[in-house]
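Provided below are the primary sequence and the corresponding predicted coordinates.
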Number of protein chains: 2
Amino acid sequence: MVEKYDVVIIGAGPVGLTLSTCLARWGYRIKHIDNRPEPTPTGRADGIQPRSLDLLRNMGLKRKIMAYEPAKVYEVAFWDPSAKGIHRTGTWASCPKFIDARYPFTTLLHQGMIERVFIEDIEKHGVQIQRPWTITGFQNDGQDSSYPVEVRLAHVDGTATETVRAKYLFSGEGARSFVRDQLGVKIHHLDPIAHVWGVMDGVVRTNFPDIKMKCTIHSDAGSIMVIPRENNMVRLYIQIASSTDPDWNPRKTATTEEVQQHAKDILKPYTISWDRVEWYSVYPIGQGIAERYTLDERVFMGGDACHTHSPKAGQGMNTAFLDAVNLAWKIHHVESGFAPRTLLSTYESERKLIAENLLNFDAKYSKLFSARIPSAGEVAGAASNEPAENEFVKTFKASCEFTSGYGVAYNPNTINWGPEHAAQHPLFLAYEKGTTQRPGRILTPATVTRVVDANVVHLEQEIPLNGSYRMYLFAGSPSKTSTALKDLATHIANPSSFYSIFAHREKDKDTPTDRYHEPHNPHTDFLSLCTVFNAPRSKISIAEMLPEVFARYRDHVYADDVWDQRVPDAKAAAHAKMGLDEESGGVVIVRPDGYVGCVVKLAEGKGTCEALNQYFGVLTGKKLGEERAAL
Amino acid sequence: MVEKYDVVIIGAGPVGLTLSTCLARWGYRIKHIDNRPEPTPTGRADGIQPRSLDLLRNMGLKRKIMAYEPAKVYEVAFWDPSAKGIHRTGTWASCPKFIDARYPFTTLLHQGMIERVFIEDIEKHGVQIQRPWTITGFQNDGQDSSYPVEVRLAHVDGTATETVRAKYLFSGEGARSFVRDQLGVKIHHLDPIAHVWGVMDGVVRTNFPDIKMKCTIHSDAGSIMVIPRENNMVRLYIQIASSTDPDWNPRKTATTEEVQQHAKDILKPYTISWDRVEWYSVYPIGQGIAERYTLDERVFMGGDACHTHSPKAGQGMNTAFLDAVNLAWKIHHVESGFAPRTLLSTYESERKLIAENLLNFDAKYSKLFSARIPSAGEVAGAASNEPAENEFVKTFKASCEFTSGYGVAYNPNTINWGPEHAAQHPLFLAYEKGTTQRPGRILTPATVTRVVDANVVHLEQEIPLNGSYRMYLFAGSPSKTSTALKDLATHIANPSSFYSIFAHREKDKDTPTDRYHEPHNPHTDFLSLCTVFNAPRSKISIAEMLPEVFARYRDHVYADDVWDQRVPDAKAAAHAKMGLDEESGGVVIVRPDGYVGCVVKLAEGKGTCEALNQYFGVLTGKKLGEERAAL
């Protein structure tokens, strides 16, 4: 008997662990291997961007990350050459105020600690990472239609082997991916320029005033990037060689002492010395992107196996998290019967675009970072005392939304509604025409009061990453929308609606499952539902103001009664931030990964439900609603 | 050889654990015993008030408390009799907006989980709770002047005994205190009325809409208090008997089923049933206060050993935390040679007053809670549809500051400056005359930007509970105060100043202790220092704007550049909240437990240092400053 798994995951770095964490929680059977004997002991990726922190919180992992007391980067300082060495030309917010972020900072913590947080969670759900094991072969041979992929695994010392079958195989192997090589997927190099980088984590003593800030330092002696770390450490990134150098050698290296001396020269007139070095590594960086993320929608790749780039913008791990979550919910919906297998094609189309944007940004940013900036003496003739903003600073500032993670914008497709979407109904609200919520972008955060317990909560976090679609019913003024709510309730209660078609089915009708205490999915795993009223909490009676269908989500009814500095004049700040009418409300559908799917007007009659049936009809590949019933 | 300890602590409930946690961290040798074989397994005290959460955060324990996912109470609902049973007459914030609290809610978690958080911390510092052991005798026999107290301990089964000597003995034994009995300290009963209470924790199903709120319910069938708990549980408090009953019997009891039936009758027309009961207990409550907290300032008592009352206002554990912290820093300062032994007398005078206030409140509140409220039928003749606010609700609202923990106000004494204080200098700023900070009350919270890393931080939390006095130098506008800062630096550098007299002494002058990485106490354990400028962060250069004495606290320099809704027109919100001039600033001295000691004007010349020397001269019992140097 060959063991069968839903998913075999190769590699326990950020992308593999995120995928494993999601799918293990949602009940899938997972084989997860890694060729290292233990998790990353030190160093490597360390920057968690604001949007990723939202995601980790949504997974219930943020508190554990924060328990390690990571450094937080709120601002970046720019240092340029001066007559005396270097001087600060300015600072800029890491995640400026124009970005509506809950956590407007980058969290710095070494990858091993982050991995441990995931691994503890995975183990709670019964999955053990099998180490040090590696993949030796695989084949989508279709011999078992349910488990079409055969995967051959071996202990790295060759003493043991195992052959298993899986529904899916996922490679989170990193830049050197066996799976990618076997598939023959090529890496496309966006920028032919290659670099050798040195990176050093350690505890220093210095009179350089910005040692606890993220700094980009250009001096006549070279360039360096400073990043604060947990445990009073500092990371320095130093470029050791570039393919644009006259004596370019991709194998060029440097000792710890050489890099430290280089740093000392760059930081002059300030002094720096090291109490200890925790980690030091030299590695070549090329900018590459895999041509495909999957060939057959059974064997997938993600993370560094698909895209490699410089570490300077702190994007690697963050992109990996989002790759994994994007794939996780799509596998879940296909395997749950909520969506046809074609949904899986959107993984590559959505995530490859983001990787391409990242590489374009990184190419520009890296080139500017490495470029020599004229020293003060050379620009002494300039008219102003304030140095003109150079291209590097301009690029940095322009890219904050992107680097914070909030710039991710998936294109319109079957799941991100747009004017060309197959679902066409007059009640769809287009971006900037009736709503500020743009399909393919993250839901805007909003603070509201939960009705049942008067807790002030973050609406966008109220539904955990449970694999369900999220329906936010902004219900406007109760007196104005009561008929619309009743009508919507009536129509979604129709057995052929998007809401009802995937209702829980009782395995045993005589002893139905008790879901009294189930807050998020009392009716269906397909969808979770929140209702937000434009009314003070004390005036909201769930039993009296909500039809039973919605009242059943009693822990997810909210009062939009918390003032927000971003919309100071709004009476109902959450409605206002969503760009919805404060009186008549609207319905925002959010994908399981937190990105907006579509926005629909809340209207009396059957229209709102019709529009939603149309949107979900495309996603699910089913005829939904009364049309279907009439068939 | 008799083992010697700095402190022997009897009882590992909240008061003993808090004391142990503080003193273990500060390096004291502790023997800590408890007569229970294990920590509280379930039930008992569970309410952490807003001020206590500040304290737990200051101890670095808040995150671990929150990891248990406690319930949070933001509002209280009042229910009164109606024609059909009960109806809600109103709700009120648990910690209303007029209280400037970081965490405007009560945190509900059973005592055992809270104890575990403390115990883990204590164990990290090398102290193990010895269980199940009890105290069998003690004597301040003065035979060893350093360790004057002999303490005799025994295993509860009598199989082992131990005699140790200690500098201090502390009883955190709870209401039945062996130590208190042996000392002959009497309990004074403030209110002769006694009660028998039932308390039940469990998971329920109900259509009562406020089951996740704190509720006080008065019905014709009796009164009940509802308190939400972690893990979807609900606690019900039900009075079973009162000494005012005609058939009063202090041994009256009730079964789980009887209490449940009683709750069902009270909650009509709503229904309630129990999925499971986690904990149920019946216990008599009397309101008592110990006449003394210590007789000799060697043997101390705190927590329930000193004050018992009803659990309804959720104050027991919170008062215990504050008893312990109040005593901990005073022992620490006496044992460190920072203060004479007379400081210890302020423990009883400060904490007994708070307990008396608590008992007065509790007596009034309990009486009102137990009183029958006329049912709707009886008041049908009332003119208004809104029921008049009854005495109970009025008392509740008036007491929010007290119950949140922010009402604690220690009277003027040697450590809380006031007009009668021995230190009299024209630069002292009296409460409401130049400052909003009142000695004996908690420092007002303020959000500022840390200069070194641009992190937005909570100023009142920046110095951990390290046993040190806290000096907040509100430095106003840098251009206005540069001379005053220089002058203050010059004078506090005088070896006889409050700042210098307790400077670290090197054990070995040839190899001085390396304090480069010490953020809070680089110069002395007596004091930690924060400087706050009224300037944007980017305009603050620590090296250029601060004399070396202050610059050395480089991790504690802040920009007062964060807008605050409470002082919307202020340019420097933290200065404004402290009631200090935004241009010229001021110095706020805060006791190690977070309560304001005194406020002094920041002036050019020697005056500011003189005033501080005078204040600390009274505390330390030393002549400080130039006067001393002249002796």
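Everything's here; your move. Numbers count the residues shown, from 1 in each chain, chains lettered A, B, ... in the order given.

looking at chain A, which helix or strand is least sure?
None of the helices or strands of chain A scores lower by mean pLDDT, DSSP states H and E than helix A:626-630, at a mean of 54.

Buried ones in stretch A:71-89, by neighbour count?
Neighbour counts over stretch A:71-89 (16 or more other C-beta atoms under 10 Å in any protein chain shown) mark A:71-82, A:85-86, A:88-89 as buried. (C-beta placed from N, C-alpha, C; glycine too.)

Just the C-alphas of that stretch, formatted as PDB.
The C-alpha trace of stretch A:71-89 is given here as PDB (Å, rounded to 0.1, in the frame of the first residue of the first chain):
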ATOM      1  CA  ALA A  71      13.000  45.300  15.800                       C
ATOM      2  CA  LYS A  72      10.500  47.600  14.100                       C
ATOM      3  CA  VAL A  73      11.500  49.900  11.300                       C
ATOM      4  CA  TYR A  74       9.200  53.000  11.000                       C
ATOM      5  CA  GLU A  75      11.600  55.200   9.000                       C
ATOM      6  CA  VAL A  76      14.400  55.000   6.600                       C
ATOM      7  CA  ALA A  77      17.400  57.400   6.700                       C
ATOM      8  CA  PHE A  78      19.200  58.400   3.500                       C
ATOM      9  CA  TRP A  79      22.900  59.200   3.900                       C
ATOM     10  CA  ASP A  80      25.000  60.600   1.100                       C
ATOM     11  CA  PRO A  81      28.700  61.600   0.700                       C
ATOM     12  CA  SER A  82      29.800  64.800   2.300                       C
ATOM     13  CA  ALA A  83      33.100  66.700   2.600                       C
ATOM     14  CA  LYS A  84      33.700  65.000   5.900                       C
ATOM     15  CA  GLY A  85      32.500  61.500   5.000                       C
ATOM     16  CA  ILE A  86      28.800  61.000   5.000                       C
ATOM     17  CA  HIS A  87      25.800  63.100   6.100                       C
ATOM     18  CA  ARG A  88      22.100  62.400   6.500                       C
ATOM     19  CA  THR A  89      20.200  64.000   3.700                       C
END
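
Quick one: mean pLDDT over that stretch.
Averaged over stretch A:71-89, pLDDT sits at 93.

can you tell me if that stretch touches chain B.
Yes. If you take C-beta under 8 Å from any C-beta of the partner chain as the test, stretch A:71-89 does meet chain B, through A:71-75.

Now for the nearest residue to residue A:459 once chain neighbours are set aside: which residues touch it?
Nearest residue to residue A:459 in three dimensions, chain neighbours excluded: residue A:446, at 4.6 Å (C-beta to C-beta, 6 or more residues apart in numbering or on different chains). Residues counted as contacts of residue A:446 (C-beta atoms under 8 Å, 6 or more residues apart in numbering or on different chains) are A:458-460, A:560, A:564, A:573-574, A:577-578.

Kindly recompute the last result at 7 Å.
For residue A:446, the contact set (C-beta atoms under 7 Å, 6 or more residues apart in numbering or on different chains) comprises A:459-460, A:573-574, A:577.

any chance you could map the strands in the stretch 451-600 of chain A?
Applying DSSP state E, counting those that start in this stretch to the stretch 451-600 of chain A gives strands spanning A:456-458, A:469-474, A:527-533, A:557-559, A:586-590, A:596-600.

so can I have a markdown table of the ones you listed showing mean pLDDT, mean neighbour count and distance to residue A:187?
Converted to a markdown table, these look like this (pLDDT from 0 to 100; neighbours: other C-beta atoms under 10 Å in any protein chain shown; distance: least, C-beta to C-beta, whole Å):
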| stretch | mean pLDDT | mean neighbour count | distance to residue A:187 |
| --- | --- | --- | --- |
| strand A:456-458 | 98 | 16 | 39 |
| strand A:469-474 | 98 | 26 | 35 |
| strand A:527-533 | 98 | 25 | 39 |
| strand A:557-559 | 98 | 25 | 47 |
| strand A:586-590 | 98 | 25 | 34 |
| strand A:596-600 | 98 | 27 | 32 |
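
which one of the ones you listed lies closest to chain B?
Smallest distance to chain B across the strands of the stretch 451-600 of chain A (C-beta to the nearest C-beta): 6.6 Å, for strand A:456-458.

Looks like residue A:312 contacts residue A:365 (just checking).
Yes. At 6.4 Å, residue A:312 counts as touching residue A:365 under the criterion of C-beta atoms under 7 Å.

and stretch A:215-222, how far out from the chain's middle?
Computed by C-alpha atoms, centre = their mean, to the nearest Å, the chain-centroid distance of stretch A:215-222 equals 31 Å.

sorry, that was for stretch A:542-554
Distance of stretch A:542-554 from its chain centroid, counting by C-alpha atoms, centre = their mean, is 33 Å.

Give me the neighbour count for residue A:110.
Neighbourhood size, residue A:110 [other C-beta atoms under 10 Å in any protein chain shown]: 24.

What pLDDT does the model give it?
Here, the pLDDT recorded for residue A:110 equals 88.

Equivalent analysis for the one 3 residues further on, please.
As predicted, residue A:113 sits at a pLDDT of 93.

I'd assumed residue A:595 was in contact with residue A:589.
No. Taking contacts as C-beta under 7 Å, residue A:589 lies outside contact range of residue A:595: 10.2 Å.
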